[in-house]
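no sequence on this one, just coordinates:
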Ligand code: SF4
Ligand code: SF4
C-alpha cells in the first residue's frame, strides 16, 4: 500500500515578538504582507508561495510557515 502524505503550510505571526520593522514586507516577492499598527499582517494569503523569505529575514522570529502533514491511505501499487 502506498501512503500519500499531504503537506499543508500556513503562515503564522507572533504579534508580541514583531517590532514592525517591515523587513519581511519588503522582501516578500508576492506582496502578501503588510503592517497595521506596527505589526505584521498577512493581507493576501492566497498569493503566498511559501518561499521562506519572510521567515529567513525576520530578525525576531515573528513570522514562520507552520507545516502540518496528513497521511492518507493510498492505493496498492501492485494492482
Ligand atoms: S513565504 Fe514568501 S511569499 Fe509567503 S509571505 Fe513569506 S515572503 Fe511572502
Ligand atoms: S521582519 Fe519580523 S519583526 Fe519585522 S515586521 Fe516582519 S515579522 Fe515583524
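Received, thanks. As the structure is a prediction and not an experimental result, all values here were calculated from the model. Numbers count the residues shown, from 1 in each chain. Ligands and ions are numbered 1, 2, ... in the order given.

in this structure residue 2 contacts residue 74, no?
Yes - using C-beta atoms under 8 Å, residue 2 is in contact with residue 74, at 3.9 Å. Backbone N, C-alpha and C define where each C-beta goes, glycine included.

show me whatever sits in contact with both of those two.
Here residue 2 and residue 74 share no contacting residue, scored by C-beta atoms under 8 Å, 6 or more residues apart in numbering.

how about the residues of the chain by ligand 1?
11, 28-30, 32-33, 48-54, 65 (C-beta under 6 Å from any ligand atom).

closest to residue 42 among these?
Here the nearest of the residues of the chain next to ligand 1 to residue 42, counting by C-beta to C-beta, is residue 11; it sits at 5.2 Å.

look up how far residue 71 lies from the closest one.
To residue 71, residue 11 is 23 Å away according to C-beta to C-beta, to the nearest Å.
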